[in-house]
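Novice: Take a look and give me a structure for this.
(chains A and B)
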Amino acid sequence: MPELEDQLSALATAIAWPPSPPDLWGGVSRRLTEGQERGQGQGRRAPRWQTRWAFAAAAVLLIVATLLAYTPARDAIAGWLNLHTTIHRTENPPTPSPLPSGPLGARLELGTQTSLDGAQRQVGWSIVVPSSLGAPDEVYVKLPPSGPSGGMVTLVYTARPGIRTTGLTGVAVLVTEARGRINEQYFQKTLGGDVNIESVSVGGHSGFWISGQPHTFAFSDAEGNPYFDTLRLATDTLIFDNGGTLVRIEGQMSKEQAIQIARSMT
Amino acid sequence: MEGRPADDSDLIARAQRGDSAAYEEIVHRYQQIAFRTAYVVTGSAADAEDAAQEGFVKAYRALDRFRAGAELRPWLLRIVANEARNRLRSAGRRQRLELRLTEGFRPGDAAPSPEAVAVASDERRRLLEMVNALSQEDRLVIASRYFLQLSGEETAAALGIPQGTVKSRLSRALARLKARVEEAAHA
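Specialist: Have a look, this model is predicted:
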C-alpha cells in the first residue's frame, strides 16, 4: 500500500474543483481601467468644510499645474515651489537594451517586421504614410491577440532632418496606427497624473499633445475593447484621430514638428 | 515570438514596460492555480474568483516592485491569497472547505497516473472524507501541498505563514490524518 503522502498526491487528479472562471482577464482589464475611481472616488463623504477646503486646494493645484504646462514658466515656478523632484519624470521609461545590431524596432517589441505592402495586406484599413517623412525605414505589424482588434502598424524612421534619434533606440520617429478611438473615460487615467495633455487640431481632426514622458496609453480598439500599449520612446507624443484610425507620433521633437508630420497624413 | 512560449521573466519585463498582452498571458498562465488557491483559502468559488481578479489587478500595479530573477508564481499566489484572506476577514466568516471527488475520470482527461490507479476509488473517497474531517488548519495545509501541489514556498505564501511553519504544520496534520486512517483500519 502506498504511503499516505503518495495517496494524498494521487488524490490531486481526482479533486472536483469548482470550474475556473472562463475569462478572468476580462475582469482584470476592466478593473485596471476602472479601478482608480472604485478604490478612491467612492466611500465616505467628507464633511462640508473639508469639501470646501478640498475645492480650494484643488483650484490652487489646477492653477499651478496649468502654469507648469507652459514651458517658459515651468522652471521658474518649479524653482519657486521647489518642485523639481516632482517634474523630473524618470520612473520606468521603456528601456530598450543598448544592442547596436538588429532591426531598430525589434527591441521595441513592435510586432513582426514586414514591408509596407506586407503590412497593408494584413490589415483591413488603409495605412497612411506621412508624406513629410517619406517611406519608413522599417515597418512592423502586430495582430491580435498581442495587438489590438484590427491590428496595429508601426512605421519606424531613423534620423530625419531636424529630429534627433532617441536615447539608445536609434529611432527618430515612430508612427503607430490602429483602428480605434480615444476613450475619454480612461484616456487621461492610463496616461497617469504626471503628464500634460493639450487638445490640438490636426487639419480639422481632433488630437492631443501629451508632454512629460507618458508611459502607458490605452484606447478603445476596433471592437471597443480597451487596449493598453506602451509609448515606446518616452518622449512627448502626439495622438490624433485620422478618420477612425488612431495615429500616434513619438519622437524627440516639438509640438509644431509633430503636427506638421501629422498634417502630412491627412 | 512564434514557436516556444515566452518564459515568465520575459513576460514580466514586457508587462513592466506596459505591454498589456504580456500581462494577459501571465493571467492566462496562472489563473487556474490562482483561482484554486483562493478557493482553498475562502471555501467559496465566488469569493475565489473575486480574490483572483483583484489579486491580478494588485499584482499588475505592483509589477515595478517585482524582484528581477525571483519566481513569479509564489509572488502572484501570495498576493491572491492575501486578497482571499481579506475577503474572509471583511465577511467575518469562514466557509468550511469541503472537497469532493470527480465522478471518475472523464473521457478526454489525461490518463490517470499509476499512483492514482493504485488508490482504489472507494479508498480515495474515504481518505478525502477524513481530510475533510480534520481541523481547518490541517485541511488547508494538506490541500495546498498535496491537492494544489504547491511548493513549500507557495504553500507558505498561500497560507500567509513562514515556510518553517508550513513544515511543522504539515507534519502534525499528516500525523493526525495517519492516526485516523489507522483507527479506521482497526475499526
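Novice: CA only for contacts and neighbour counts going forward, please
Specialist: OK.
Novice: Please report phi then psi for residue 145.
Specialist: Just so you know, I chose chain A. Main-chain torsions, A:Pro145, degrees, to the nearest 10: phi -80, psi -20.
Novice: pLDDT at it, what is it?
Specialist: Among the per-residue scores, A:Pro145 shows a pLDDT of 73.
Novice: In contact with the most centrally placed residue in chain B, which residues?
Specialist: Nearest to the mean C-alpha position of chain B, by Cα atoms, centre = their mean, lies B:Thr37 at 3.1 Å. Applying Cα atoms under 8 Å, 6 or more residues apart in numbering or on different chains to B:Thr37 gives the contacts B:Ala48, B:Leu77, B:Val80, B:Ala81, B:Ser144, B:Leu148, B:Ala158.
Novice: excluding its backbone neighbours, what's nearest A:Ser126?
Specialist: In space, A:Ser126 comes closest to A:Gln120 once its chain neighbours are excluded; the distance is 6.9 Å by Cα to Cα, 6 or more residues apart in numbering or on different chains.
Novice: Same question for the host helix or strand of the one you found: list its buried residues.
Specialist: Taking DSSP states H and E as the definition, A:Gln120 sits inside helix A:116-122. Going by neighbour count (16 or more other Cα atoms under 10 Å in any protein chain shown), the buried part of helix A:116-122 is A:Leu116, A:Ala119, A:Gln120.
Novice: and what of stretch A:122-139?
Specialist: Neighbour counts using 16+ other Cα under 10 Å place A:Val123, A:Ile127, A:Val128, A:Val129, A:Pro130, A:Pro136, A:Asp137, A:Glu138, A:Val139 of stretch A:122-139 among the buried residues.
Novice: same thing with stretch B:60-80?
Specialist: For stretch B:60-80, the neighbour count (16+ other Cα under 10 Å) marks B:60, B:63-64, B:66, B:72-80 as buried.
Novice: Any idea which helix or strand in chain B has the lowest mean pLDDT?
Specialist: Ranking every helix and strand in chain B by mean pLDDT, DSSP states H and E puts helix B:114-118 at the bottom, with a mean of 51.
Novice: how about the helix or strand just after that helix: buried residues?
Specialist: Downstream of helix B:114-118, the first helix or strand assigned by DSSP H and E is helix B:121-132. For helix B:121-132, the neighbour count (16+ other Cα under 10 Å) marks B:Ser121, B:Arg124, B:Arg125, B:Leu127, B:Leu128, B:Met130, B:Val131, B:Asn132 as buried.
Novice: which element follows helix B:121-132 toward the C-terminus?
Specialist: Heading C-terminal from helix B:121-132 (DSSP H and E), you reach helix B:136-142.
Novice: The helix or strand that that next one is followed by - what's its average pLDDT?
Specialist: Using DSSP H and E, the helix or strand that directly follows helix B:136-142 along the chain is helix B:152-159. Helix B:152-159 shows a mean pLDDT of 92.
Novice: same check, this time on stretch B:81-91
Specialist: Averaging pLDDT along stretch B:81-91 yields 85.
Novice: again, but for stretch B:48-56
Specialist: 94.
Novice: domain assignment for chain B?
Specialist: Split into domains by automatic domain parsing, chain B comes to B:1-93, B:103-187.
Novice: Deepest-packed of these, please.
Specialist: Among the domains of chain B, domain B:1-93 has the highest mean neighbour count (mean count of other Cα atoms under 10 Å in any protein chain shown), at a mean of 19.
Novice: Where is pLDDT lowest across the buried residues of stretch B:60-80?
Specialist: Lowest pLDDT among the buried residues of stretch B:60-80: B:Asp64, with 84.
Novice: dump the residue contacts of that one.
Specialist: For B:Asp64, the contacting residues are B:Gln16, by Cα under 8 Å, 6+ apart.
Novice: got the contact list for B:Ile26?
Specialist: Contacts of B:Ile26 by Cα under 8 Å, 6+ apart are B:Asp8, B:Leu11.
Novice: Which parts of chain B are helices?
Specialist: Using DSSP state H, the helices of chain B run over residues B:8-16, B:20-42, B:45-61, B:72-91, B:114-118, B:121-132, B:136-142, B:152-159, B:163-186.
Novice: Which neighbouring elements make contact with the longest one?
Specialist: Meaning helix B:163-186. Applying 3 or more Cα pairs under 8 Å, 6 or more residues apart in numbering or on different chains; DSSP states H and E, one finds that helix B:163-186 contacts helix B:121-132, helix B:136-142, helix B:152-159.
Novice: so which of the ones you listed comes closest to A:Glu198?
Specialist: Closest approach to A:Glu198 among those is made by helix B:152-159 (45.3 Å; Cα to Cα).
Novice: what does the closest one contact?
Specialist: By Cα under 8 Å, 6+ apart, the residues outside helix B:152-159 that reach it are B:37, B:41, B:73-75, B:77-78, B:80-82, B:140-141, B:144-145, B:162-163, B:165-167.
Novice: Work out the gap between that helix and the centre of the chain.
Specialist: In terms of Cα atoms, centre = their mean, to the nearest Å, the gap separating the centre of helix B:152-159 from the centre of its chain is 9 Å.
Novice: tilt between that helix and helix B:20-42?
Specialist: Put simply, helix B:152-159 runs at 70 degrees to helix B:20-42, going by axes from the mean of the first three to the mean of the last three Cα atoms, to 10 degrees.
Novice: so how far is the first residue of stretch A:124-141 from its last?
Specialist: 12 Å (Cα to Cα, to the nearest Å).
Novice: Repeat that for stretch A:14-23.
Specialist: For stretch A:14-23, the end-to-end distance is 24 Å (Cα to Cα).
Novice: Does chain B have contacts with it?
Specialist: Yes. Using Cα under 8 Å from any Cα of the partner chain, stretch A:14-23 comes into contact with chain B via A:Ala14, A:Ile15, A:Ala16, A:Trp17, A:Pro18, A:Ser20, A:Pro21.
Novice: Nearest residue to the residue of the stretch 51-200 of chain A at minimum distance from chain B in space, please, no chain neighbours.
Specialist: Ranking the residues of the stretch 51-200 of chain A by distance to chain B (Cα to the nearest Cα) places A:Ser146 first, at 4.9 Å. In this structure, A:Ser146 finds its nearest non-sequential neighbour in B:Ala21, 4.9 Å apart by Cα to Cα, 6+ apart.
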